[in-house]
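Chemist: I'd like to go over a predicted model; first the sequence, then the structure.
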Amino acid sequence: MHAALIGRYSAAIEDLTVPYAKPQESGHRSAVRSLELSNAGAPWLKIETVADARGRRPGFTLARHTAQEVSAAAHPHELPRSEHSYLYLDAAQHGLGSRACGPDVWPDFALRPEARTLTLRIGTAG
């Protein structure tokens with residue numbers, strides 16, 4: 001996250017995830033200050049975050065499939081047709097690495113159990 005540029009970004013839901021050969025969760029955006037979602041091009045939902053006492057903010061993932069559907073599919077064509085979108089708000093995100101095909105996450109970025117408080121302002125966009 002140290003190399004990320006802070007700014008306002010816009011993307012279609014299909015552009016938020018990577019179409020891997022084996023479906024897997026992707027597209028998490030960390031440290032979100034505000035999120036605005038549209039439905040059929042019209043403003044629909046706005047979420048603003050408040051940093052916790054240590055300055056941390058939640059992240060989000062917006063996807064066409066649930067985490068369970070993605071985990072169950074071995075290939076993209078096995079994903080069910082989706083007419084919905086799924087918004088996940090995460091208090092924290094484990095760092096990069098899993099030892100599945102490379103090194104594990106650096107110890108400083110490993111997610112450890114701890115209590116977190118999310119403060120969100122949820123309203124209609126527009």
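Modeler: That came through, no problem.
Chemist: rest of the way, CA atoms for contacts and neighbours
Modeler: Noted.
Chemist: how about the strands in the chain?
Modeler: For the chain, applying DSSP state E gives strands covering 34-39, 42-50, 59-63, 86-90, 119-123.
Chemist: so which of those strands is the most surrounded?
Modeler: For the strands of the chain, ranked by mean neighbour count under the definition mean count of other CA atoms under 10 Å, the leader is strand 59-63 at a mean of 20.
Chemist: report the contact partners of the residue lying closest to Ser85 once chain neighbours are set aside.
Modeler: Setting aside the residues directly before and after it, Ser85 is nearest to Arg64 in space (CA to CA, 6 or more residues apart in numbering), at 4.6 Å. Residues near Arg64 by CA atoms under 8 Å, 6 or more residues apart in numbering: 13-14, 82-86.
Chemist: save these as TSV, and put in pLDDT too.
Modeler: Output for the contacts of Arg64, formatted as TSV (pLDDT from 0 to 100):
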residue	pLDDT
Ile13	92
Glu14	90
Ser82	91
Glu83	88
His84	92
Ser85	93
Tyr86	95
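Chemist: roughly how far apart are Arg81 and Ala11?
Modeler: 21 Å (CA to CA, to the nearest Å).
Chemist: just give me the neighbour total for the closest residue to His94 other than its chain neighbours.
Modeler: Leaving aside its chain neighbours, His94 sits nearest to Leu111 (4.7 Å; criterion: CA to CA, 6+ apart). Residues lying near Leu111 (other CA atoms under 10 Å) number 12.
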